[in-house]
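> 3D model of this:
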Amino acid sequence: MFGIPGKAPVTMTPAAVSQITRLMARDNRAGLRIGVKKGGCAGMEYTMEYVDTADTHDEVVEQDGARVMIAPMAQMFLFGTEIDYEVSLLEAGFKFNNPNVADACGCGESIKFKDVSELEEERSGS
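Sure thing, here's the model as predicted:
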């Protein structure tokens, strides 16, 4: 994993933990896999799917009964991210408070990450 030893790569708010554990129990799933893919007007989009098992190279994060698997390609882009679950009058959904995002589109559906070299420098403390 691309990160700091002993530090969880992502954290979850109590609202996210509650929603993930509720859905895990309801659908009898092992957890939520998070990834990134090319797409959207800013260049990248988050992906999420409930899964039955973790893949061999997934980074598994467990917090208070909620389990998140981070796909290998997404690991360095998600390090330090807080996952939240918000409910408003018009919508409900997971939100990613990600320090690695350099820009986001107006609709909030896609993001642009900092350059890989910039992320590596931040992680090493240079």
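
> Check what pLDDT the nearest residue in space to D52 that is not next to it in sequence gets.
Closest residue in space to D52, ignoring its immediate chain neighbours: A30 at 5.4 Å, by C-beta to C-beta, 6 or more residues apart in numbering. Where C-beta positions appear, they are placed from N, C-alpha and C, glycine not excepted. Here the pLDDT value assigned to A30 is 94.

> Show me which residues of the longest helix seen in the chain are buried.
With secondary structure taken from DSSP state H, the chain has its longest helix at helix 14-27. Neighbour counts over helix 14-27 (16 or more other C-beta atoms under 10 Å) mark A16, V17, Q19, I20, T21, M24 as buried.

> Need the mean per-residue confidence for that helix.
pLDDT averaged over helix 14-27 gives 95.

> Give me the helices and strands touching it, please.
Contacts defined by 3 or more C-beta pairs under 8 Å, 6 or more residues apart in numbering; DSSP states H and E place helix 14-27 against strand 31-38, strand 44-51, strand 66-70, strand 81-87.

> For the first one, buried residues please.
Put plainly, it is strand 31-38. Buried residues in strand 31-38, defined by neighbour count with 16+ other C-beta under 10 Å: G31, L32, R33, I34, G35, V36.

> And the second one, by the same measure?
Under the neighbour-count criterion of 16+ other C-beta under 10 Å, strand 44-51 has M44, E45, Y46 buried.

> Okay, now the unreliable bits of the chain?
Applying pLDDT under 70 to the chain flags residues 1-6, 40-42, 103-126.

> returning to what we had before: any chance of the buried residues of strand 44-51 in TSV, plus distance to E91?
Formatted as TSV, these follow (distance: C-beta to C-beta, whole Å):
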residue	distance to E91
M44	21
E45	17
Y46	16
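
> about what we covered before: burial count for the residue nearest to D52?
14 (other C-beta atoms under 10 Å).
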